[in-house]
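K.L.:
next one to model:
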Amino acid sequence: MEKFLFKHIDNSPLIVFRIIFGLLLFLESVGAIFTGWVTKTLVEPKFTFNFIGFDFLQPLSGNGMYYYYLVMGLFGFCVMIGYRYRIAILSFFIMWSATYLMQKSSYNNHYYLTALLSFLMIFQPANNYLSVDVKRNPSIKSESVPYWTSLILMLQIGLVYFYGGVAKIYPDWLQAIPAKLFLSSKTNYPLVGELFSTNWFPFILSYGGLFFDLLIVPLLLFKRTRVFGFCLSLFFHLFNAIIFQVGIFPFLSLAFALFFFEPKTVHRIFLRKKTYYSKNEVFVPKMKKQFIVFLGLYFLVQLSLPLRHWIIKENVLWTEEGHRLSWRMMLRSKTGHQNFVVLDKKTNRKESIWLPNYLTEKQRRVIGTKPDMIWQFSQRLKKEYAKEGKNIAIYVSGKISVNGKDYQPLVNDTIDLASVKWDHFKHNAWLLPEKEK
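P.N.:
Below you'll find the model as predicted:
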């Protein structure tokens with residue numbers, strides 16, 4: 001185990017990855033400002049739907065969030081050039097994680113992956129070559145890194161693909177229903193629009209995505225299939241980037257290929273002037289046991305989180321319980337609406353809530369299908385009415401549709417959501433089961 005984890009290899013893959021990763025962090029942060037994402041998600045809303053339990057994380061007022069994302073972009077740029085690397089990546093991790101936990105209206109799996117990678121990169125000696133830090137302090141310069149630096153990143157992306165593929169093995173996906181719904185709004189695309197409207201292409205997309213997720217890591221692991229796997233990955237991720245506009249995830253995924261190729265190959269392509277390290281020396285750190293335990297616990301959590309929905313009653317596609325942090329990527333299409341009625345317990349007067357008075361258009365669209373956000377909005381209403389000295393009950397009614405099926409009620413409209421607690425680890429009883437038809 002020690003020789004496996006702590007054997008030194010050439011650090012070309014890690015150095016090139018640091019540069020690409022830092023560039024993507026910079027572009028993602030600054031791009032969020034100029035595309036209007038920060039405005040629509042963090043500035044315009046009267047309040048954000050944070051992860052439950054993180055109510056203390058709230059957007060800065062005024063122009064604060066624009067400056068926040070500029071600073072975060074600056075930290076990403078510092079990671080790219082390797083300037084005060086450890087401080088930069090730690091600061092980015094903290095700031096990014098805070099904004100990730102601050103809102104769920106624009107939830108995306110690559111936001112979660114970026115937080116995890118930023119955390120893992122804190123421990124990487126990724127500034128020991130081709131960095132400003134080396135210019136400032138030549139004594140830290142090195143041509144090698146222990147093998148664990150590559151292994152943990154390969155394991156992380158491997159888990160993303162594996163769970164993403166396994167989650168696709170369910171009837172609707174195998175019948176290409178989500179793919180048909182995803183593509184139905186893109187039939188006006190030039191050149192490929194007519195292709196998207198055919199009956200057979202959604203099946204290509206569905207099964208292609210399924211097999212890609214399950215097979216890409218094995219293809220990259222073996223030398224004979226590595227180039228084919230990379231070419232397949234290049235086509236797959238560029239297609240997703242162009243058609244589905246999924247942010248930095250396609251490019252980040254392509255960057256992971258660096259760790260699957262031989263360091264000598266990466267060195268020859270990107271860092272020819274660098275002295276290639278080939279000694280295969282083993283340097284075991286003093287705190288090896290603590291380090292191994294830390295890695296073991298981290299990946300135990302990563303293995304466990306995507307499985308938690310199996311111990312929660314009802315279908316995760318319907319209730320969303322156990323959906324987040326589980327790499328359940330682009331699995332279903334959901335639409336729905338919910339009506340909120342406030343009952344004044346003292347006067348028995350009922351009042352229907354006009355959602356545009358409280359929520360942005362995007363928030364209204366998302367709250368229609370997300371039970372945790374339905375509950376959070378109910379708690380928000382409870383607090384606002386309490387300021388007026390009113391003791392209220394809140395009843396919610398509405399219907400949702402999963403993958404184009406018939407609309408069915410999601411919430412038990414006889415239960416006062418103002419008086420119930422959210423349960424993170426088991427089924428919330430006020431959610432109605434999906435009826436099989």
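K.L.:
from here on, just use CA atoms for contacts and neighbour counts.
P.N.:
Noted.
K.L.:
please report how far Gln376 lies from Leu431.
P.N.:
Going from Gln376 to Leu431 by C-alpha to C-alpha, to the nearest Å gives 14 Å.
K.L.:
quick one: which of these two has more around it?
P.N.:
Counted by other C-alpha atoms under 10 Å, Gln376 and Leu431 do not tie: Gln376 has more neighbours, with 21 against 17.
K.L.:
list the contacts for that one?
P.N.:
For Gln376, the contacting residues are Phe49, Ile52, by C-alpha atoms under 8 Å, 6 or more residues apart in numbering.
K.L.:
what about the helices in the stretch 151-300 of the chain?
P.N.:
Counting by DSSP state H, counting those that start in this stretch, the stretch 151-300 of the chain has helices at residues 171-174, 177-184, 193-196, 201-221, 223-243, 249-256, 263-270, 288-304.
K.L.:
next, the angle from the second one to helix 201-221.
P.N.:
Between helix 177-184 and helix 201-221, the angle formed by their directions is 110 degrees, by axes from the mean of the first three to the mean of the last three C-alpha atoms, to 10 degrees.
K.L.:
what residues does helix 177-184 touch?
P.N.:
Contacts of helix 177-184 (C-alpha under 8 Å, 6+ apart): 172-173, 196-197, 202-203, 205-206, 331-333, 403-404.
K.L.:
also stretch 268-278?
P.N.:
By C-alpha under 8 Å, 6+ apart, stretch 268-278 touches Ile9, Asp10, Asn11, Ser12, Val16, Glu143, Ser144, Lys264, His267.
K.L.:
run the chain-centre distance for stretch 7-20.
P.N.:
Distance of stretch 7-20 from the chain centroid (C-alpha atoms, centre = their mean, to the nearest Å) equals 24 Å.
K.L.:
pLDDT (mean, whole number) over it?
P.N.:
Mean pLDDT, stretch 7-20: 97.
K.L.:
buried residues in that stretch, which are they?
P.N.:
Burial within stretch 7-20, assessed by neighbour count using 16 or more other C-alpha atoms under 10 Å, is assigned to 7-20.
K.L.:
and the end-to-end length of stretch 351-365?
P.N.:
Start-to-end, stretch 351-365 (C-alpha to C-alpha) is 21 Å.
K.L.:
sorry, wrong one. I was asking about stretch 366-377.
P.N.:
12 Å.
K.L.:
show the pLDDT at Val246.
P.N.:
pLDDT, read off for Val246, is 81.
K.L.:
may I have stretch 101-114 as CSV, with CA atoms only?
P.N.:
The C-alpha coordinates for stretch 101-114 follow below in CSV (Å, rounded to 0.1, in the frame of the first residue of the first chain):
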residue,chain,number,x,y,z
LEU,A,101,-24.9,26.0,-0.2
MET,A,102,-26.6,29.4,-0.5
GLN,A,103,-29.0,28.6,-3.2
LYS,A,104,-30.7,25.6,-5.0
SER,A,105,-32.8,27.3,-7.7
SER,A,106,-29.9,26.8,-10.1
TYR,A,107,-28.6,23.5,-8.8
ASN,A,108,-26.1,21.8,-11.0
ASN,A,109,-24.0,18.7,-10.4
HIS,A,110,-20.9,20.4,-11.7
TYR,A,111,-21.2,23.0,-8.9
TYR,A,112,-20.9,20.2,-6.4
LEU,A,113,-18.0,18.6,-8.3
THR,A,114,-16.2,21.9,-8.4
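K.L.:
could you list the buried residues of it?
P.N.:
So, applying 16+ other C-alpha under 10 Å, buried residues of stretch 101-114: Leu101, Met102, Gln103, Lys104, Ser105, Asn108, Asn109, His110, Tyr111, Tyr112, Leu113, Thr114.
K.L.:
kind regards, and thank you for your time.
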